[in-house]
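A.B. asks: here are the coordinates; sequence isn't available:
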């Protein structure tokens, strides 16, 4: 089965590369000779469009490869959801011995858990493979991405696109829906709007951290675990109420690496609870702006990393 799956993936990869190659030849005919690193030659105004187009082609190729064995896909997706759900099961078992944790009830912590898990799942689905950039730098396979007419970030993010990661998103949204159904709150228009914004903006913040971590690997060579400590480790921290952590840690994840905007600040507003650092209530609505503010330096760091890359020659 593994050999057949590998063959299907290889065939799909060849198909995607062929499509990219044909489009490269068409563009080369229109513009004339292109430099060695074509991905860096794309005009800035077209870079985002080219990136989305290339990302979509590669993702579609991996989805077709995955759907070749639907039963395997369903089992792996279910297994992914079940494994990640064990974290919430552990929290539930904790509440069989206590009524509150840091002043928060189980449904309130479920709101934190579900929103954070769904946000990380979305970021992991779209950009999670960026942590493999270190391996590509070491073995020289990044060179093949640099000569394609598609931004390198789009290729790295879409490489080996794992549709099974939908399992984490589904279980996160399921826990979030359960929490909302159990919470006795006075829902206003602002609170209703803030819940989906919290999930999407949180995914943007996690995505920016992933891009920044991938950029750091150009300098460090292999720092995937450093990146994961801020994403997976950060999500584990955000699953618990901020009241159980020290003030210095809260300041760090609010003003240095703004993970608190993923779900802590928006969730505190939804729950009607004050922020331990005394931030005003309107700070809960800053998550989209924070995601943009983090993504700008992360993207600049990524571009700097690509430009400083030196091939291994292999």
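C.D. replies: Here it is on my side, so go on. These numbers were taken from a predicted model, which means no experiment stands behind them.
A.B. asks: Just want the most central residue of this protein.
C.D. replies: For the chain, residue 123 is the residue whose C-alpha lies nearest the centre (CA atoms, centre = their mean; 1.9 Å).
A.B. asks: Considering only helices and strands, which part of the protein has the lowest mean pLDDT?
C.D. replies: helix 2-31 (a mean of 44; mean pLDDT, DSSP states H and E).
A.B. asks: Buried residues of the helix or strand following it, list them for me.
C.D. replies: Following helix 2-31 in sequence order, the next helix or strand is helix 44-67 (DSSP states H and E). For helix 44-67, burial by neighbour count (16 or more other CB atoms under 10 Å) applies to 47, 50-51, 53-55, 57-62, 65-66. Glycine gets a C-beta too; all of them are placed from N, C-alpha and C.
A.B. asks: Quick one: those as JSON lines, columns for pLDDT and distance to residue 142 too.
C.D. replies: JSON lines is the format used below for these (pLDDT from 0 to 100; distance: CB to CB, whole Å):
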{"residue": "47", "pLDDT": "69", "distance to residue 142": "18"}
{"residue": "50", "pLDDT": "79", "distance to residue 142": "18"}
{"residue": "51", "pLDDT": "80", "distance to residue 142": "16"}
{"residue": "53", "pLDDT": "85", "distance to residue 142": "20"}
{"residue": "54", "pLDDT": "84", "distance to residue 142": "15"}
{"residue": "55", "pLDDT": "87", "distance to residue 142": "17"}
{"residue": "57", "pLDDT": "87", "distance to residue 142": "19"}
{"residue": "58", "pLDDT": "87", "distance to residue 142": "15"}
{"residue": "59", "pLDDT": "88", "distance to residue 142": "19"}
{"residue": "60", "pLDDT": "89", "distance to residue 142": "22"}
{"residue": "61", "pLDDT": "89", "distance to residue 142": "19"}
{"residue": "62", "pLDDT": "87", "distance to residue 142": "19"}
{"residue": "65", "pLDDT": "86", "distance to residue 142": "22"}
{"residue": "66", "pLDDT": "85", "distance to residue 142": "24"}
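A.B. asks: Quickly name whichever of these is closest to residue 130.
C.D. replies: Residue 130 lies nearest to residue 55 out of those, by CB to CB, at 12.2 Å.
A.B. asks: That closest one contacts residue 157, correct?
C.D. replies: Yes - counting by CB atoms under 8 Å, residue 157 is a contact partner of residue 55 at 6.6 Å.
A.B. asks: coming back round to it: could I get the buried residues of helix 44-67 as CSV with distance to residue 98?
C.D. replies: Output for the buried residues of helix 44-67, formatted as CSV (distance: CB to CB, whole Å):
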residue, distance to residue 98
47, 52
50, 53
51, 48
53, 52
54, 50
55, 45
57, 51
58, 47
59, 44
60, 48
61, 49
62, 44
65, 47
66, 42
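A.B. asks: Would you map the helices across the protein?
C.D. replies: Listed in chain order, the helices of the chain (DSSP state H) span 2-31, 44-67, 70-94, 106-127, 133-139, 142-146, 152-158, 166-182, 189-220, 224-238, 247-251, 264-271, 287-307.
A.B. asks: for these, which one sits closest to residue 100?
C.D. replies: helix 106-127 (8.6 Å).
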